[in-house]
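In: what follows is a predicted structure for the sequence shown.
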Amino acid sequence: MSRISIIGAGLAGLTAGSYLAQNGHQVQIFEQFSDIGGVAATIEQDGYKWDIGPLLLEGLGPNEPVRNILEELDLMKLLPIINEDRGLCTPDFSFWRPEEYKGLYWRREMLKDLFPEESSNLDRYYKFYFE
């Protein structure tokens, strides 16, 4: 058994810590902020709060990446999964998950429809975070 320290309690740090702990290692996770979650956290500015996780954390559907990891770690049974979506609301626009599932990147495609001039930047953003 090894003693392992992980810096950062974001999705990657928590996932790595879970795998290591399940394999018998003694794990400590350190986080600089008061809340865990990394980029899947809530930000606040000018009296508004945004949960940025829905923009980044997808893949809980059958055979999608996050769900596969949670199932592999035997954690899915601990999480109540509600097949709903809060959508994305800002002061300037809002949208909700389509009735028919449009795949892992449905938000990106809706944002491209709203902001076609930013299509290449949205592709770069999603590639950076998801691939």
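Out: Received, thanks.

In: make it CA atoms for all contacts and neighbour counts henceforth
Out: Fine.

In: quick one: F30 and G10 touch, right?
Out: No. Using Cα atoms under 8 Å, F30 makes no contact with G10, being 10.1 Å away.

In: of these two, who's got more company?
Out: G10 (18 against 13; other Cα atoms under 10 Å).

In: so what are the domain limits for this protein?
Out: 1-83, 85-131 (automatic domain parsing).

In: I'd like the mean pLDDT over the last one, please.
Out: Going back to what we said before, that points to domain 85-131. Domain 85-131 carries an average pLDDT of 84.

In: and R67, what does it touch?
Out: Contact analysis of R67 by Cα atoms under 8 Å, 6 or more residues apart in numbering lists 59-61, 76.

In: give me the three-state assignment for it.
Out: When states are read from DSSP: H, G, I helix; E, B strand; the rest coil, the local structure at R67 comes out as helix.

In: how much space is there between it and Y126?
Out: Going from R67 to Y126 by Cα to Cα, to the nearest Å gives 19 Å.

In: which residues in this protein form helices?
Out: 11-22, 53-56, 65-72, 106-114, 119-130 (DSSP state H).

In: got JSON lines for those helices, with distance to I36 too?
Out: Converted to JSON lines, the helices of the chain look like this (distance: least, Cα to Cα, whole Å):
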{"stretch": "helix 11-22", "distance to I36": "9"}
{"stretch": "helix 53-56", "distance to I36": "12"}
{"stretch": "helix 65-72", "distance to I36": "17"}
{"stretch": "helix 106-114", "distance to I36": "24"}
{"stretch": "helix 119-130", "distance to I36": "18"}
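
In: so for G37, which of those helices sits nearest?
Out: Among the helices of the chain, helix 11-22 comes nearest to G37, with 6.0 Å by Cα to Cα.

In: same for the closest one, what does it pack against?
Out: Using 3 or more Cα pairs under 8 Å, 6 or more residues apart in numbering; DSSP states H and E as the contact test, the elements touching helix 11-22 are strand 3-7, strand 26-30.

In: please identify the deepest-packed of those.
Out: Highest mean neighbour count among the helices and strands packed on helix 11-22 (mean count of other Cα atoms under 10 Å): strand 26-30, with a mean of 14.

In: from the contact counts, what lies against that strand?
Out: Applying 3+ Cα pairs under 8 Å, 6+ apart, one finds that strand 26-30 contacts strand 3-7, helix 11-22.
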